[in-house]
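Asker: Below are the sequence and a predicted model; questions follow.
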Amino acid sequence: MNFESLLSRVDEIIKSEGENGLQSVCNLLHREVKYYNWVGFYFMNHETRMLNVGPYAGAETEHTEIPFGKGICGQVAESGKTFTVDDVSEQDNYIACSIETKAEIVVPMFKGESLIGQIDIDSHYPAPCSDEDEAFLKGVCEIVSTVV
Ligand code: SME
């Protein structure tokens, strides 16, 4: 499936299931994109300055809470900018979830002007993501932001 049709599927899922559709969205992306080996959402708690894990597909993670500033996800919580990591072994501020992970992309999710969360993709393949992945994942975040 290409990104355009995947995005339409995401839109259909969210329009019909609302917030309950987030798990299906993770499962869909995990199943359809061979280099998306962990797909999950983190949502921000601005009071505690913590990211809390939401629905995800892939290996179980211990990192259900991540402080702002820590790891790739925590850095995106502070910057509000997409962070693409081609090789996680080159990152000092990185939280390892699986030894199989070689690359990661984290795309912020906004509701209006406010940063509310992010989608996090881990890959077992080195440098798999392009601008197309970023554009696609931004689209996913825009759709999901309408129901969370
Ligand atoms: N690798 C992330 C932590 C989250 S797990 O990948 C699920 C990071 O460095 O923020």
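Answerer: Happy to help now that I have it.
Asker: can we go C-alpha only for contacts and neighbour counts from here?
Answerer: Noted.
Asker: Surely residue 14 is in contact with residue 21?
Answerer: Yes - with contact defined as Cα atoms under 8 Å, residue 14 counts as touching residue 21 (5.5 Å).
Asker: Could you give the average pLDDT over the host helix or strand of residue 135?
Answerer: Per DSSP states H and E, residue 135 falls inside helix 131-145. Along helix 131-145, the predicted confidence averages to a pLDDT of 98.
Asker: try stretch 7-24
Answerer: Per-residue pLDDT over stretch 7-24 has a mean of 98.
Asker: Enumerate the residues of this structure near the ligand.
Answerer: For the chain, the residues in contact with the ligand (Cα under 6 Å from any ligand atom) are 61, 71-74, 94-97, 122.
Asker: Any idea which of those residues the model trusts least?
Answerer: By predicted confidence (pLDDT), the lowest-ranked of the residues of the chain next to the ligand is residue 97, with 87.
Asker: Near the spatially closest residue to that one that is not a sequence neighbour, how many other residues are there?
Answerer: The shortest distance from residue 97 to any non-neighbouring residue, by Cα to Cα, 6 or more residues apart in numbering, is to residue 61 (6.2 Å). Residues within reach of residue 61, counting by other Cα atoms under 10 Å, total 13.
Asker: What of residue 55?
Answerer: By the measure other Cα under 10 Å, the count of residues near residue 55 is 16.
Asker: now the host helix or strand of it, how far from the centre of its chain.
Answerer: Under the assignment given by DSSP H and E, the secondary-structure element containing residue 55 is strand 50-57. Relative to its parent chain, strand 50-57 has a centroid offset of 9 Å by Cα atoms, centre = their mean, to the nearest Å.
Asker: Show me what that strand is packed up against.
Answerer: Strand 50-57 is packed against helix 22-32, strand 38-45, strand 65-67, with contacts defined by 3 or more Cα pairs under 8 Å, 6 or more residues apart in numbering; DSSP states H and E.
Asker: Return the most buried member of those.
Answerer: The highest mean neighbour count among the helices and strands packed on strand 50-57 belongs to strand 38-45 (a mean of 22), with neighbours defined as mean count of other Cα atoms under 10 Å.
Asker: now for that one, which elements pack on it?
Answerer: Counting contacts by 3+ Cα pairs under 8 Å, 6+ apart, strand 38-45 packs against helix 22-32, strand 50-57, strand 114-123.
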